[in-house]
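Peer 1: Quick one: sequence and predicted model below, then my questions.
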Amino acid sequence: MAAARDLDDDALARRAARLVADGDLPDIGAALRRLNAAPRLEGLARRHLAAMMESMLGRDGVAARRLARLEDALAVMETIEDLEERLADDRWIHRGVVLAGRVATGAFDPEAVVHLRQHGDRPLEQLEPELGLLEAVEVVHRSGRSRFGVLSSLEFEIDGGRFRLRRCPPDQVPLDADDLFDGGPVATIGVPGLRRLIERSRP
């Protein structure tokens, strides 16, 4: 019976990975939800996805795409930091912008959504023209209820990669907050750390 369940789990995980590899869904979490599969299959599905991507792109191709996503994330973060430096005398508080999630470790699916946190209270609408300079497209405003109340976000694409920039007001979200929704541990990295990660990731 356990063997049959393992086979079912593997098949579900493989189907979830295929949905992401084919571009039908943005990440493994969304794929598992689409299939009504248990969250515990995430690790298995990620391993299947990694194998599929390596088969499609080759190991060097996956590494190159991963590096490109990190470089695009750095460009977004530096653009926001530059804006805040230029407008440092206005009334908006800025505590920094960080990369959050698996991408911050350097070991991530290059097709997944890159999550950024803007620790400040500047309205996201003021960031849109800056993102336009990076040729961000398909910019969408969203909001969602987190452990810290309702948070707004911008979702956009750069060079085919998806990003989610979440506004985290300093009086609402701590700088060292774990996962904003389930409270689980989450990796974060700022601009200096991301620069070092990119240098380590270069061939």
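Peer 2: Perfect, thanks for sending it.

Peer 1: ok, and the closest non-adjacent residue to residue 75?
Peer 2: residue 134 (5.7 Å; Cβ to Cβ, 6 or more residues apart in numbering). All C-beta spots, glycine's among them, are computed from the backbone N, C-alpha and C.

Peer 1: Could you give the backbone dihedrals for the one you found?
Peer 2: Per-residue torsions, residue 134: phi -90, psi 10 (degrees, to the nearest 10).

Peer 1: and it, what does it touch?
Peer 2: Each residue near residue 134 by Cβ atoms under 8 Å, 6 or more residues apart in numbering is listed here: 72, 75, 76, 79, 158.

Peer 1: Could you say which helix or strand holds residue 64?
Peer 2: Following DSSP states H and E, one finds residue 64 within helix 42-86.

Peer 1: where do the helices sit along the chain?
Peer 2: 2-21, 28-34, 42-86, 128-133, 191-201 (DSSP state H).

Peer 1: what would these look like in a markdown table with distance to residue 110 and mean pLDDT?
Peer 2: Converted to a markdown table, the helices of the chain look like this (distance: least, Cβ to Cβ, whole Å; pLDDT from 0 to 100):
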| stretch | distance to residue 110 | mean pLDDT |
| --- | --- | --- |
| helix 2-21 | 11 | 74 |
| helix 28-34 | 13 | 86 |
| helix 42-86 | 4 | 87 |
| helix 128-133 | 20 | 92 |
| helix 191-201 | 11 | 95 |
